[in-house]
Each structure stands twice: as C-alpha cells, then as structure tokens.
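Student: sequence and predicted structure below; questions after.
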Amino acid sequence: YHIERYFQRLASYVYPYITIIFNEYQVDDFERSVAYMAIERYLSAHSSNGAKRLKANVLRDGKSVFLSMDDYEEVTDEFKGIKIWWSSSKSVPQQNVLIASREDDHEKRYFKLTCHRKDRDVITKLYVHHVIDEGKAIAAKTRQRWLFTNNKRNSWSGIIFEHPSTFDTLAMDPQKKKDILEDIMTFRNSKDYYTKVGKSWKRGYLLYGPPGTGKSSMIAAMANLLEYDIYDLELTSVQDNTDLRKLLIRTSITLSGLLNFIDGLWSACGSERLIVFTTNHIEKLDPALIRRGRMDMHIELSYCCFETFKILAKNYLDLESHELFATIGRLLEETSMSPADVAENLMSKSATRNVESRLNNLIKALENRKKEVRLKVEEETPNISQQDGESVQESDDDTSDAESSDAGTSDAESSHAESSDSDG
Ligand SMILES: Nc1ncnc2c1ncn2[C@@H]1O[C@H](COP(=O)(O)OP(=O)(O)OP(=O)(O)O)[C@@H](O)[C@H]1O
C-alpha cells in the first residue's frame, strides 16, 4: 500500500495534471451528448480560432456555418486565471475485431480537458458547468427557430420562423413596453426561484385589442427576445381534440371546456414556457377564463397614439421629428387608427415619394377617417346632423384638397377587420 502511494505521489509530481474525457456519444445512446455539443460550441466561440485546422459545421437551414477545431487539434482556454488545455480526438475502430460491439464499430470522437491537479475543484465544480451553459446559450442563439400551427389532424406542422419584429420595432406606450420587457426578463432569469417555490416555470399573458394593433407582432418580438419557437394554436380549429370536439358539436366552445383545455395546456408543458392568449374582444370573455394564475399579465394594445406613431415614424421613415408631427398628434387624438393602418399609410407605394408626402398621406387618411366616423354618427342620429350642419361643411372644406389616397387605407382597414375580427 505504501509503495503504491509513493508511486502515485511520484507520478503526480512528474505529471501533475488531470484529464477529463467528454465522449460524443454515451454508451448505448444514439443521440449526440448534450455536453459534447455544448463544448463544441463553446470552444468554437472562444478558443478554436487558435487551432490550425478547423472544421466547418453547416447548420440545418444551410445558411449559417460555425467552425470547430478539427480532430487532433489542441487549444487553450483560461478561467479565473487557470489555464486549461482542450484537445479533440477520436478512437478509430479496431479492424481486426470480428464481432464488434456497437461501441467498437465506428469512430468515437471525444474532447479531452487537461488541467493542473491543484485546480481540480474549480474545474469540476465551476468551469465545466460554465462551458456547458455558455455552449448551450451559443447554440440556442444560432439555432433555427420554428413556428408550428395545429392542423386538422390535431398535430403540429412547422415552418421556419423568421419574423423581424422586436421590442424596438414594436410601437406602443414606452412605459408599458418597459414593464412588459421587465416582466419577461424576470421570468427568464427566475428558473431557480420557480424551482424553490415549487411553481412550474411558466408565465401567461393575455393580449387584447382591436385588429392591427400589434398582438401578433408582440408575440413575434417575445419569441425573438427569448429565442423561443412558437406554437400557434387556433382555438377555433381544435375540433380534433376529443374533449373539445364533443363540446363543439353540442354548442360552441363552452367556458368549462375551454378552461379544462387551458389548464391541460399548462400542465402538459414541462418547463420554461410562455403562453400568450390573444383576443379582439376581452369584454366577451368570462372573468374565470382570464383570472390571474391562468394569465399573469393583461396587456392592452390599442389604437395608435402619438407615442406609438413616433416609433412607427422612426421605423418606417427614419424620422424623429417633423413640423407635420403636431398635426398628426392632434388628429390621432381626434380619431382612431390602428398602428397597422398608420404603418400602411407611411409606407411608400412608389419609391420616389419623400418623407413629407408620406406624412401628408397619413394626414389625409386620418382626416378622411375622422370625416367617415362623423358622417356615420350623423346618419345614426339625424338631429345632430341638422344642428351641426355648419361645422360639417367646415370639416368638408378642410379636407377638400385631400387626394383619394385614403381609399387604400379604408380598404385595408375593412379587409383587416373582416379577416381578423375573431377571438384568438
Ligand atoms: N404596435 C405595433 N408596432 C409595430 N407594428 C405594428 C403594430 N401594430 C401593427 N403593426 C404592423 O401591422 C401589421 C399587423 O399587425 P399585427 O398582426 O401584429 O396585429 P394584431 O393585433 O395581431 O391583429 P389581429 O387582431 O388582426 O390578429 C404588423 O405586421 C406590423 O407591420
């Protein structure tokens, strides 16, 4: 025993290093090891540039590539002042083995970490976790994301999700936006807290507001921020769900059927999920459906106000101020227009139109909208029309030089309303 200890001590004196092997495949596992893939990404981002021979890994979408070190390359890393050596190797199958086991019949790649024996604790307790967490985060950032929708056969079909909406491009009250962002970031960083209090790591938002106010854009912005996939479940098309089908045949979806369904949705989710419900008609929803616990935050997206307009002007015209802003601000207070329709009016239909003509386009659309609403009210209440005849005339004069440019807007609005005026 003493002699053995003596040789061990001598060996560690001569070679004071330890090595840790991370295999690409665990024994009996057909999936690549999560740790191996994370290390590959980590080294690719941090140290692989130092390698002489690199390997190109083309991602599933075929558009992006990341470089990792080739077999038998070696790179170094540093953590809290400690030096770490990484090498990539593979063990080649033995040709003379006649009956090979699964583990022996193909090349096995692995990463080898080498560090000084005295740093063992820091490396095993901190560094390895740091590498794997960071590698996973890098992979999540570059992975292709998906938008799934439920189809008639009650299964999911997916397309690649690429939506440009972000919280920067989202036009809404800045304070409200800040509150939502804070809530999402708190949720994102609260995994340990949710585990500690024994709650599942999920959060529910209810987005409500008229068509074209940015509900879908906000969901896309959330998914982009959190790097999530989206599962878009149209409740009106879940007839294939056995429970719901029964309810649907008898009546429309009953409240209790919907509640069961939503609760089922919550409990079916494993971890880290945001569930977002959208509706154009919050007033038609039963309070039980939207009580806290099912939906943690209620977010109203409303017609375009001046603050919202300023964000759209920045997005679409790259404009922070203009003398016509004051007129637009006043008109937005006097009439309602969705951000979708404001955006539509700001977008140039011909590339030659300058900023001023686009702003004027919007002003005319807003004036026409105001006039339409006024005429509608007057039609419904003839007395007001008689009393107010003079001022109506005035208003007509005001807009008499308006081009017919609002026609497109009205069409856009009515088609938008027709196509999307349904509860999500
Ligand atoms: N708040 C907003 N900020 C930025 N863009 C917006 C906003 N609202 C609408 N838009 C623009 O209008 C388009 C339509 O809006 P969006 O689909 O997000 O509205 P919605 O509220 O989901 O409508 P619906 O109730 O009809 O589903 C978006 O693609 C975007 O270009």
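Tutor: Nice, I can see it. Numbers count the residues shown, from 1 in each chain.
Student: buried stuff in the helix or strand harbouring residue 112?
Tutor: For residue 112, the host element (DSSP states H and E) is strand 108-116. Buried positions in strand 108-116, judged by neighbour count with 16 or more other C-beta atoms under 10 Å: 109-111, 113-115. Where you see a C-beta, it was placed from the backbone N, CA and C, and this is true even at glycine.
Student: partner strands of it and their direction?
Tutor: strand 17-23 (antiparallel), strand 82-91 (antiparallel) (DSSP bridges).
Student: for that strand, give the mean pLDDT please.
Tutor: Averaged across strand 108-116, pLDDT comes to 91.
Student: next structured bit after it?
Tutor: Following strand 108-116 in sequence, per DSSP H and E, is helix 120-122.
Student: helix, strand or coil for the closest residue to residue 84 other than its chain neighbours?
Tutor: With sequence-adjacent residues excluded and distances taken as C-beta to C-beta, 6 or more residues apart in numbering, residue 84 is closest to residue 77, at 4.6 Å. Following DSSP: H, G, I helix; E, B strand; the rest coil, we place residue 77 in the strand state.
Student: next, count neighbours for residue 77.
Tutor: 18 (other C-beta atoms under 10 Å).
Student: from residue 286, how far out is it?
Tutor: For residue 77, the distance to residue 286 (C-beta to C-beta, to the nearest Å) stands at 57 Å.
Student: ok, whichever helix or strand residue 148 is part of: who's next to it in the sheet?
Tutor: Assigned by DSSP H and E, residue 148 belongs to strand 146-150. With DSSP bridges as the test, strand 146-150 is paired with strand 156-160 (antiparallel), strand 230-232 (parallel).
Student: okay, those, which one's buried deepest?
Tutor: Sort those by mean neighbour count, taking mean count of other C-beta atoms under 10 Å, and strand 230-232 sits at the top with a mean of 17.
Student: got the contact list for that strand?
Tutor: Here strand 230-232 makes contact (C-beta atoms under 8 Å, 6 or more residues apart in numbering) with 145-150, 156, 161, 219-220, 223.
Student: that one - what's its average pLDDT?
Tutor: Strand 230-232 comes out at a mean pLDDT of 81.
Student: for stretch 6-26, same thing?
Tutor: 81.
Student: what does stretch 184-199 give?
Tutor: Here the average pLDDT along stretch 184-199 is 83.
Student: with just CA atoms, put it into PDB.
Tutor: What follows is stretch 184-199, C-alpha atoms only, in PDB (Å, rounded to 0.1, in the frame of the first residue of the first chain):
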ATOM      1  CA  ILE A 184     -40.300  38.800 -19.400                       C
ATOM      2  CA  MET A 185     -36.700  39.200 -18.300                       C
ATOM      3  CA  THR A 186     -37.600  38.500 -14.700                       C
ATOM      4  CA  PHE A 187     -39.400  35.400 -15.900                       C
ATOM      5  CA  ARG A 188     -36.400  34.400 -18.000                       C
ATOM      6  CA  ASN A 189     -33.900  34.700 -15.100                       C
ATOM      7  CA  SER A 190     -36.100  33.100 -12.500                       C
ATOM      8  CA  LYS A 191     -35.600  29.400 -13.000                       C
ATOM      9  CA  ASP A 192     -34.100  28.800  -9.600                       C
ATOM     10  CA  TYR A 193     -36.900  30.900  -7.900                       C
ATOM     11  CA  TYR A 194     -39.700  28.900  -9.600                       C
ATOM     12  CA  THR A 195     -38.000  25.700  -8.500                       C
ATOM     13  CA  LYS A 196     -37.600  27.000  -5.000                       C
ATOM     14  CA  VAL A 197     -41.200  27.900  -4.500                       C
ATOM     15  CA  GLY A 198     -42.400  24.800  -6.300                       C
ATOM     16  CA  LYS A 199     -44.100  26.500  -9.100                       C
END
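Student: now do the buried residues in that stretch.
Tutor: Buried-residue list, stretch 184-199, by 16+ other C-beta under 10 Å: 184, 187, 190, 194.
Student: what residues does this structure have near the ligand?
Tutor: Contact residues (C-beta under 6 Å from any ligand atom) of the chain with the ligand: 169-172, 211-217, 280, 301, 339-340, 343, 420.
Student: now, which of these lie within helices?
Tutor: 215-217, 339-340, 343, 420 (DSSP state H).
Student: a markdown table for those residues, including neighbour count?
Tutor: Shown next, in a markdown table, are those (neighbours: other C-beta atoms under 10 Å):
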| residue | neighbour count |
| --- | --- |
| 215 | 23 |
| 216 | 19 |
| 217 | 22 |
| 339 | 24 |
| 340 | 21 |
| 343 | 20 |
| 420 | 16 |
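Student: look up how far residue 190 lies from the residue of the stretch 101-250 of the chain found nearest the ligand.
Tutor: Nearest residue of the stretch 101-250 of the chain to the ligand (C-beta to the nearest ligand atom) works out as residue 214 at 2.6 Å. Per C-beta to C-beta, residue 214 is found 26 Å from residue 190.
Student: do the same with residue 8
Tutor: According to C-beta to C-beta, residue 8 and residue 190 sit 46 Å apart.
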